[in-house]
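Peer 1: this is the structure alone, sequence omitted:
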């Protein structure tokens with residue numbers, strides 16, 4: 001549970017703020033405690049992954065599932081819980097993705113070059129093979145890569161919540177690309193039932 005001990009102090013303030021409009025301080029703290037209790041219960045059902053990066057991403061998926069379940073237990077319906085979970089994961093995902101983007105900016109100011117640099121790094125960690133199966137593919141313009149195996153998609157599918165993966169994970173790539181000044185085209189994702197996630201980035205017209 002080393003990852004849990006690292007994750008809880010970082011995520012808990014974000015979780016606490018997420019329901020400020022619905023719960024008082026004591027109720028929010030009980031809700032946050034419920035998230036982590038659910039996380040610890042769910043993680044026991046999680047099979048191993050072949051790489052450290054894949055294990056981290058699978059455990060982040062389990063944390064997302066715990067957030068969703070705790071929101072439903074707090075009285076939100078399925079749709080409300082999915083929307084709130086997506087808002088929370090965006091607040092967590094965006095800063096880390098932007099950090100990678102800024103680091104890539106030390107080597108190039110061109111957005112397409114930066115996304116290639118950033119993804120090249122990400123394929124070394126955390127998206128390391130064989131936990132992930134992903135690779136750049138030829139593109140007429142822009143930068144493209146395919147993902148044929150994703151521990152996050154597999155984790156959500158194991159709990160029969162691929163819909164949550166689509167809304168709270170996959171869908172975040174579009175607003176992120178927009179923040180990067182790029183357009184993202186994707187015909188499908190593993191979580192939505194496609195054979196692969198096909199990413200294609202190009203400069204916005």
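Peer 2: Yep, that arrived. All figures in this text were calculated on a predicted structure; none of them were measured in a lab.

Peer 1: for stretch 192-205, which outside residues touch it?
Peer 2: Identification of contacts with stretch 192-205 by Cβ atoms under 8 Å, 6 or more residues apart in numbering yields 111-112, 115, 137, 139, 141-148, 150, 162, 166, 170, 173, 177, 180-190. C-betas here are computed from N, CA, C, even on glycine.

Peer 1: with stretch 117-126 instead?
Peer 2: Contacts of stretch 117-126 (Cβ under 8 Å, 6+ apart): 52-54, 56-57, 100-101, 103-104, 107-108, 129, 132, 134-136, 143, 145.

Peer 1: rewinding a little: derive a PyMOL selection command for the buried subset of the contacts of stretch 192-205.
Peer 2: Here is the PyMOL command that selects the buried residues among those (16 or more other Cβ atoms under 10 Å):
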select buried, resi 111+112+115+142+143+144+145+147+150+162+166+170+173+177+180+182+184+186+189+190
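
Peer 1: looking at the contacts of stretch 192-205, which are in strands?
Peer 2: Secondary structure from DSSP state E places 137, 143, 144, 145, 146, 147, 148, 182, 183, 184, 185 of these in strands.

Peer 1: make CSV from these and add distance to residue 31 and pLDDT to it.
Peer 2: As requested, the ones in strands among the contacts of stretch 192-205 are exported to CSV (distance: Cβ to Cβ, whole Å; pLDDT from 0 to 100):
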residue, distance to residue 31, pLDDT
137, 43, 98
143, 40, 98
144, 41, 98
145, 38, 98
146, 38, 98
147, 33, 98
148, 37, 98
182, 36, 97
183, 38, 97
184, 33, 98
185, 38, 97
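
Peer 1: right, and residue 93 touches residue 171 too?
Peer 2: No. The criterion here is Cβ atoms under 8 Å, and residue 93 misses it with residue 171 at 10.8 Å.

Peer 1: show me which of the contacts of stretch 117-126 are buried.
Peer 2: Buried subset of the contacts of stretch 117-126 (neighbour count, 16+ other Cβ under 10 Å): 53, 54, 56, 57, 100, 101, 104, 132, 134, 143, 145.

Peer 1: where does this protein have low pLDDT?
Peer 2: Scanning the chain for pLDDT under 70 picks out 1.

Peer 1: which residues in it form strands?
Peer 2: For the chain, strands defined by DSSP E occupy the ranges 133-137, 143-149, 182-185, 197-203.

Peer 1: at the geometric centre of this structure, which residue do we find?
Peer 2: residue 169 (4.2 Å; Cα atoms, centre = their mean).

Peer 1: and that one, what does it touch?
Peer 2: With contact set as Cβ under 8 Å, 6+ apart, residue 169 has these partners: 61, 64, 89, 152, 156, 191.

Peer 1: among those, which two are most distant?
Peer 2: 89 and 191 (13.4 Å; Cβ to Cβ).

Peer 1: which of the two has more neighbours?
Peer 2: Counted by other Cβ atoms under 10 Å, residue 89 and residue 191 do not tie: residue 191 has more neighbours, with 25 against 22.

Peer 1: ok, the closest residue to the more buried one other than its chain neighbours - contacts?
Peer 2: Of all residues not flanking residue 191 in the chain, residue 165 sits nearest, at 3.9 Å (Cβ to Cβ, 6 or more residues apart in numbering). If you count contacts by Cβ under 8 Å, 6+ apart, residue 165 has them with 61, 152, 153, 155, 156, 157, 191.
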